[in-house]
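> starting from these lines, generate the structure:
(chains A, B, C and D)
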2 protein chains.
Amino acid sequence: MPAEDGSRSRATLHEVAAQADVSVSTVSKVLNGRSGVSDETRARIEALLQDHRYQQRTAKRPAAPLIDVLCYEVDSPFGSEVVASIEQSARQRRIGMVLTGATEQSTPYEHWLDDVLRRQPVGVVLIACKLSADDRQRLRSRNIPLVMVDPAGTPAPDVPSIGSADWNGGYQATRHLIDLGHTRIGIITGPTDMMASTARLSGYRAALDSAGLSSEPELIRPGHFHHADGLEQGRALLQLPDRPTAIFASSDLYALGVYEAARSLGMTIPGDLSVVGYDDLRIAQWAGPPLTTVHVPLVAMAEQAVHLVMRLGDEPELAFSRIDIDTTLVVRASTAPIRAS
Amino acid sequence: MPAEDGSRSRATLHEVAAQADVSVSTVSKVLNGRSGVSDETRARIEALLQDHRYQQRTAKRPAAPLIDVLCYEVDSPFGSEVVASIEQSARQRRIGMVLTGATEQSTPYEHWLDDVLRRQPVGVVLIACKLSADDRQRLRSRNIPLVMVDPAGTPAPDVPSIGSADWNGGYQATRHLIDLGHTRIGIITGPTDMMASTARLSGYRAALDSAGLSSEPELIRPGHFHHADGLEQGRALLQLPDRPTAIFASSDLYALGVYEAARSLGMTIPGDLSVVGYDDLRIAQWAGPPLTTVHVPLVAMAEQAVHLVMRLGDEPELAFSRIDIDTTLVVRASTAPIRAS
DNA sequence: CTGAAAGCGCTTACAG
DNA sequence: CTGAAAGCGCTTACAG
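Numbers count the residues shown, from 1 in each chain, chains lettered A, B, ... in the order given. Sure thing, here's the model as predicted:
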């Protein structure tokens, strides 16, 4: 009974064959579920394989295809919806998705890339993350394609990226509030090193501009797409001497924070304050009141990302693509004409 | 320039060596980053490897260690928090987590297990899912340990599982409402084939019982842990002739649905209705008002799951463990004494 | 710095 | 049904 050698080195096919008193070929057949082995022999070999905790030491490529995904804040509503969408796209192609969470700096843990290289994935997808030039080079030298979704940091020119029409989204959100008669409109912006957030701010400014309104610095507040920022900056905005009557919270999480800020100050939404979010995550529908927000087509973005990363191997010229998918405004119950205020 | 043969079969080390006019050994060294190769030769070989999109066809074990996770509703707040916790535990051990979403029946897609076996993971973790006896046997015969977190379906006796103290949680939640003076307390229960949900219901009944209150069938409503169930059953409960003054929503998502139900009927929380949730997901804190709920220690459960699945290989006797981690009630702003009603 | 040779762990026709 | 033999794609001492 060689069952307890959990610590010793694993047996090889050869050793198992010797103990079973058969040839290596026969053991190989059993292992691979081939026919042409008597039931009795098969059973004996199966038992031995189990006892030894047999594991193959060399394997033929192609191994099971994998895709490596690095995601900023996987546990956030945004992260989890993107990841779920990517998983679905990968699953349809029978590709396994290896998921890793990023650090607070939107970068991977120290030796992440070593681990990725050992896995030999067919491709790598980054979500709201960045990667050092060094690491990008290592991927390139192994012919492992890289795609970024909503990249953080300064974008690398030769890495394809997928985003949404953020400028447009910011414009639509702000325009909607202007159309409702609001003239003092606050905004809570995202990290300055993400193109997605600066584009939203830019859209906000453009909308104000085209309506002949000025964008006032005191109405523009920074944050990191967290709920706590929404609460804090929301309270700050609402306590301004000449407070805004509407806030463009450039993420749904901000919007929930603003909801809480309004509640804590005894204001109702949309009666006293109109709020527009961004992303249209599931939580937007569940909020009280349901949130007017900019719909970001995460499912389509994920599908594009997987599609692109799969094709990049054969069509290197795609490396310079930059895909932006359209956003649409979804009007729900958190916005109302200003006279309601 | 053999760069465009994306369709042809990949080159072997041997072929690359021939073209580079060096021996196989030298190419092997370059590939593995060994020293003892001139810069010039190395560069020439690197270039060739790139051109050919060289990929290894056989690899030495141990390959990069993987853990396979199958999760019901990965995109739900519950699923994503569990998955993120498991990822963190796996990451600390430098193990890659392959994530797959389950179907609506809490089972994997048709050939999932084939894919898992090709990946040769060190272990498999199921979250709120079930697996056929056949598939379980196939895993066992390959010595791949299996652990279930909050299992669905009838539990298999020889598969270790991790859960939380659901009966206790149900009891605590109900007890809290009773202590506030409520006597008509509704409950929205989870799928009947999950032990976790029947245990919560059982705890609810026991709490009522110990307070001398009867549990009335019309106050017990079924659901599948979705927001929509909370809304629908919440409305049904609140429109009862003798409506409950408190609802134990046995998931946080239910609770948000109940919030919306109350809102749609013009009732306020906790003034007109007290609500207790279950899980203590992040959304519980973001709700308006912040939700009183039963805290489920997801991080600890995930850590236990990963820990267990790693040890099972060496200590098969652990296969019969059943671990339940303690729950605690977190009182926030959605519950109040009945006189407030 | 380079490569011939031995070796590893496996698979696969094919002869018996 | 079984296994000897050839082969595959790689790695690794070691001699030059």
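> contacts and neighbour counts: CA atoms only from here.
Noted.
> how close does A:Ser264 get to A:Val258?
A:Ser264 sits 10 Å away from A:Val258, going by Cα to Cα, to the nearest Å.
> and A:Ala196, by the same measure?
21 Å.
> neighbour count winner among these two?
Using other Cα atoms under 10 Å in any protein chain shown, the more surrounded residue of A:Ala196 and A:Val258 is A:Val258, with 31 against 23.
> over to the more buried one. Which of the three states is it?
Judged by DSSP: H, G, I helix; E, B strand; the rest coil, the three-state class of A:Val258 is helix.
> contacts only, for it.
A:230-231, A:233-235, A:249, A:275 (Cα atoms under 8 Å, 6 or more residues apart in numbering or on different chains).
> with A:Pro121 instead?
A:65-68, A:144.
> switch to 6 Å and redo it
By Cα atoms under 6 Å, 6 or more residues apart in numbering or on different chains, the contact list for A:Pro121 reads A:66-67.
> phi and psi next, for it.
Torsion angles at A:Pro121 (phi, psi; degrees, to the nearest 10) stand at phi -70, psi 160.
> in the helix or strand that contains A:Leu308, what's buried?
Assigned by DSSP states H and E, A:Leu308 falls within helix A:298-311. Within helix A:298-311, the residues scored as buried using 16 or more other Cα atoms under 10 Å in any protein chain shown are A:298-306, A:308-310.
> ok, of the residues you listed, which one's closest to B:Asp150?
A:Val299 (27.9 Å; Cα to Cα).
> nearest residue to the closest one in space, please, no chain neighbours.
A:Ser85 (5.3 Å; Cα to Cα, 6 or more residues apart in numbering or on different chains).
> name the SS class of the one you found, please.
Per three-state DSSP, A:Ser85 ends up helix.
> so how far is DNA strand C from it?
Note on A:Ser85: its distance to DNA strand C, by Cα to the nearest atom of the strand, to the nearest Å, is 35 Å.
> which SSE is immediately downstream of the helix or strand bottoming out on mean pLDDT in chain A?
Across the helices and strands of chain A, mean pLDDT, DSSP states H and E gives its lowest value to strand A:58-60, namely a mean of 67. Downstream of strand A:58-60, the next assigned helix or strand under DSSP H and E is strand A:66-71.
> may I have the secondary structure class of A:Val276?
strand.
> follow-up on the earlier one: closest to DNA strand C out of the contacts of A:Val258?
A:Gly230 (55.9 Å; Cα to the nearest atom of the strand).
> verify the stated contact: that closest one with A:Leu256.
No: if you go by Cα atoms under 6 Å, A:Gly230 and A:Leu256 don't touch, sitting 7.0 Å apart.
> what is the end-to-end distance of stretch A:156-167?
End-to-end for stretch A:156-167, by Cα to Cα: 20 Å.
> ok, residues contacting that stretch?
Outside stretch A:156-167, the residues touching it (Cα under 6 Å, 6+ apart) are A:147-150, A:196, A:199-200, A:203, A:319-327.
> can you check stretch A:327-336 too?
By Cα under 6 Å, 6+ apart, stretch A:327-336 touches A:165, A:169, A:269-270, A:274-275, A:289-296.
> mind redoing it with 8 Å?
Here stretch A:327-336 has contacts from A:164-166, A:168-169, A:172-173, A:177, A:180, A:269-271, A:273-276, A:280, A:289-297, using Cα under 8 Å, 6+ apart.
> show the end-to-end separation of that stretch, please.
End-to-end for stretch A:327-336, by Cα to Cα: 21 Å.
> now it: buried residues?
So, applying 16+ other Cα under 10 Å, buried residues of stretch A:327-336: A:327-331, A:333-336.
> what distance separates that stretch from the centre of its chain?
24 Å (Cα atoms, centre = their mean, to the nearest Å).
> and for stretch A:170-177?
25 Å.
> give me the mean pLDDT for it.
Mean per-residue pLDDT for stretch A:170-177: 98.
> next one: stretch A:293-301
Stretch A:293-301 comes out at a mean pLDDT of 97.
> tell me the span between the first and last residue of that stretch.
Span of stretch A:293-301 from end to end, Cα to Cα: 18 Å.
> ok, now stretch A:284-299?
Rule used - Cα to Cα; the end-to-end distance of stretch A:284-299 is 16 Å.
> list the buried residues of it.
A:284-299.
> next one: stretch A:83-99
A:83-91, A:95-99.
> same question, stretch A:235-244
Those would be A:235, A:237-238, A:243-244, for stretch A:235-244 by 16+ other Cα under 10 Å.
> and which of those is nearest chain B?
Distance to chain B across those (Cα to the nearest Cα) is lowest for A:Arg235, with 15.2 Å.
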